[in-house]
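>>> sharing a model prediction with you, sequence too.
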Amino acid sequence: MVQKVIKTDQEWKDQLTEISYDVLRKHSTERAFTNDNFPKLEGSFLCAGCETTLFESQAKFDSQSGWPSFYQPINSNVVIETTDTSFSMKRTEVSCSICDGHLGHVFHDGPKPTGLRYCINGSALNFKKSIKD
């Protein structure tokens, strides 16, 4: 069993950048085309709040939405999906299962093999390049 990461609001503010705090802890959304500048390298995408590995570069694709997009998480245990009815819309919110940080939303308009598009705020992610022998 993986242990949850629980911090006070002040601890999150001290650890995260202002935009990462707003996204992860206050459920904000960054503007499109402002933070999908991750390298086109092999590696992993980690939660900026707790460093849990969420997505692999092989699952990333260019959705042309302005946010990093993935067709699947590394496994189903790393994300939590809940119904989001904010802004008079019904969407599926995606959060980190370890720190409960808001990541983005998942939509059913992605590519094969899943048909899903995990539309994730770039400020909720850190990139870790794969080390090859």
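Yep, that arrived. Residues are numbered from 1 along each chain as shown.
>>> from now on I want contacts and neighbour counts done on CA atoms only, so please keep to that.
OK.
>>> buried sites along the lowest-mean-pLDDT helix or strand in the chain?
Every helix and strand of the chain was ranked by mean pLDDT, DSSP states H and E. The lowest is strand 79-84, at a mean of 93. Residues Val79, Ile80, Glu81 are the ones in strand 79-84 that count as buried (16 or more other C-alpha atoms under 10 Å).
>>> OK, contacts around the closest residue to the last one other than its chain neighbours?
Once flanking residues are discounted, Glu81 sits nearest to Val94: 4.8 Å by C-alpha to C-alpha, 6 or more residues apart in numbering. For Val94, the residues meeting the contact criterion (C-alpha atoms under 8 Å, 6 or more residues apart in numbering) are Val79, Ile80, Glu81, Thr82, His102, Leu103, Gly104, His105, Val106, Tyr118.
>>> surely Val94 is within a strand?
Yes. Under DSSP: H, G, I helix; E, B strand; the rest coil, Val94 falls within a strand.
>>> out of the contacts of Val94, what pair is the most spread apart?
Farthest-apart pair in the contacts of Val94 is Thr82 and Tyr118; separation 13.2 Å (C-alpha to C-alpha).
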